[in-house]
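# A structural model of the following input is requested.
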Amino acid sequence: MSSTELPGVRSASEASSQVGAVHVAEGEQLRTAVLPGLELAVRSRPPVRTDLPPALFVHGLGGSSTNWSDLMVQLEDTVDGEAVDLPGFGWSPPPADRDYSVTALARAVIRHLDAADRGPVHLFGNSLGGAVSTRVAAVRPDLVRTLTLISPALPELRVQKSAVPTALLAVPGMAALFLRLTRGLTAEARTRGVTQLCYGDPSRVTPEGFAHAVAEMERRMALPYFWEAMTRSSRGIVDAYTLGGQHGLWRQAQRVLAPTLLVYGGRDQLVSYRMARKAAAAFRGSRLLSLPEAGHVAMMEYPEVVAGAFRDLLHDTARDTPDAQDVRDQDVRDSDDDGRG
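Numbering: from 1, shown residues only. Below is the predicted model:
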């Protein structure tokens, strides 16, 4: 159900007017997209070529755009990538209306894509970002070329025990209780707990990456809206789980037209691995990448494997387009002509 601020790649600090200092990995840029009632921090890597198709990466609960830094490096020669900080997370301030529902977050992504005129994009989502991306792809198919979902937070009837604390944040008063119970925990202890929860193999985190994650945890905890963003977003996930009819996430998954890649980790403690088969059946014509050793954030643990699977999707999708078929048919005709000559 959630992902959180996790160790990323090597980064350099620069001053910011917000609490703490922003970390931008080598080769990345960070800007702010300003819309009425909404400001979104957008992390990007300059494309290696000007003709690369656009991509947008959407993080999970408690996470930020830095969760995608490793995968963006792997795909810098394949897509023109941007990763957004959802409202209230990363370096994006809370939304003016304080609405953290899945629908509101999807609306924020749609507004950003419309304003930037970057669609259709290759859309990636992890955890909560997977639910948001599913909704975007269902209601605005014109904005999505392909959809890649990594441990998407789609409704489960039997939630794993390790995911219960996140769900409990949605209960009124629980955030204050959690705050009292964890008041003595250091940023390092919190980060270590999050890493053990979200990674299939926490030893894959480098000491440098862990240090950056601790610093980010300290910064996030100092923000006055930290717990509000966490609790209202958790409530938004729970509310989305209870929606039925055409607004239900599984129903919307069935409406997605974009070619879809699903990535599930065998050691995921937050989204059950058993949901992979249901997701594969729900998203028409989807393909499934199962990573037995991965946890909740496969794009951080195995970015090169996820990148390879996306390239396969991209290659096969391009091969199946009408234009590509026309080119292949012309190649056959040319070959026949050469043979007769």
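
# any low-confidence regions in the stretch 1-150 of the chain?
1-21 (pLDDT under 70).

# bridge partners for Glu39, pull those for me.
Val34 (DSSP bridges).

# how about the CA coordinates for stretch 285-296, as PDB?
Extracted C-alpha coordinates of stretch 285-296, given in PDB (Å, rounded to 0.1, in the frame of the first residue of the first chain):
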ATOM      1  CA  GLY A 285      -3.200  -7.600 -22.800                       C
ATOM      2  CA  SER A 286      -0.900  -6.900 -20.000                       C
ATOM      3  CA  ARG A 287       2.500  -8.500 -19.300                       C
ATOM      4  CA  LEU A 288       3.800  -9.500 -15.900                       C
ATOM      5  CA  LEU A 289       7.300  -9.200 -14.500                       C
ATOM      6  CA  SER A 290       7.700 -11.200 -11.300                       C
ATOM      7  CA  LEU A 291      10.800 -10.600  -9.200                       C
ATOM      8  CA  PRO A 292      11.000 -13.200  -6.400                       C
ATOM      9  CA  GLU A 293      13.700 -11.300  -4.400                       C
ATOM     10  CA  ALA A 294      12.300  -7.800  -4.800                       C
ATOM     11  CA  GLY A 295      10.300  -5.900  -2.200                       C
ATOM     12  CA  HIS A 296       7.900  -3.000  -2.600                       C
END
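
# please identify the buried residues of it?
Buried residues in stretch 285-296, counted by 16 or more other CB atoms under 10 Å: Ser286, Leu289, Leu291, Ala294, Gly295, His296. Glycine gets a C-beta too; all of them are placed from N, C-alpha and C.

# what residues sit buried inside the helix or strand hosting Ile237?
Using DSSP states H and E, Ile237 maps to helix 226-242. Neighbour-count burial for helix 226-242 flags 226, 229-238, 240-241 (criterion: 16+ other CB under 10 Å).

# got the phi and psi for Ala294?
phi -90, psi 160 (degrees, to the nearest 10).

# check what pLDDT it gets.
Looking at Ala294, its pLDDT is 97.

# residue contacts, it?
Shown in contact with Ala294 (CB atoms under 8 Å, 6 or more residues apart in numbering): Gly200, Val263, Gly265, Gly266, Arg267, Asp268, Glu301, Tyr302.

# burial of the last one, as a residue count?
Pointing back at Tyr302 there. 23 (other CB atoms under 10 Å).

# span of stretch 49-57 from start to end?
By CA to CA, to the nearest Å, the extent of stretch 49-57 from end to end equals 19 Å.

# for that stretch, give me every contacting residue.
With CB under 8 Å, 6+ apart as the test, stretch 49-57 has contacts from 65, 68, 71-72, 75, 77-84, 109, 112-113, 118-119, 121-125, 129, 145.

# and the buried residues of stretch 285-296, which is closest to Val58?
His296 (14.9 Å; CB to CB).

# state whether the closest one is indeed within a helix.
No - under DSSP: H, G, I helix; E, B strand; the rest coil, His296 sits outside any helix and is assigned coil.

# which SSE is Gly63 in?
Counting by DSSP H and E, Gly63 is part of no helix or strand.

# burial measure for it, as a count.
The burial count for Gly63: 27, using other CB under 10 Å.

# how about Arg251?
Arg251 has 14 neighbouring residues, counting by other CB under 10 Å.

# thinking again about what came up before, quick one: buried ones out of the contacts of stretch 49-57?
Using 16+ other CB under 10 Å as the burial test, those include 65, 68, 71-72, 75, 78-84, 109, 112-113, 118-119, 121-125, 129, 145 as buried.

# one step back: turn the contacts of Ala294 into JSON lines, including distance to Val214, secondary structure and pLDDT.
As requested, the contacts of Ala294 are exported to JSON lines (distance: CB to CB, whole Å; DSSP: H, G, I helix; E, B strand; the rest coil; pLDDT from 0 to 100):
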{"residue": "Gly200", "distance to Val214": "21", "secondary structure": "coil", "pLDDT": "96"}
{"residue": "Val263", "distance to Val214": "27", "secondary structure": "strand", "pLDDT": "98"}
{"residue": "Gly265", "distance to Val214": "24", "secondary structure": "strand", "pLDDT": "97"}
{"residue": "Gly266", "distance to Val214": "28", "secondary structure": "coil", "pLDDT": "96"}
{"residue": "Arg267", "distance to Val214": "23", "secondary structure": "coil", "pLDDT": "96"}
{"residue": "Asp268", "distance to Val214": "23", "secondary structure": "coil", "pLDDT": "95"}
{"residue": "Glu301", "distance to Val214": "19", "secondary structure": "helix", "pLDDT": "96"}
{"residue": "Tyr302", "distance to Val214": "23", "secondary structure": "coil", "pLDDT": "97"}
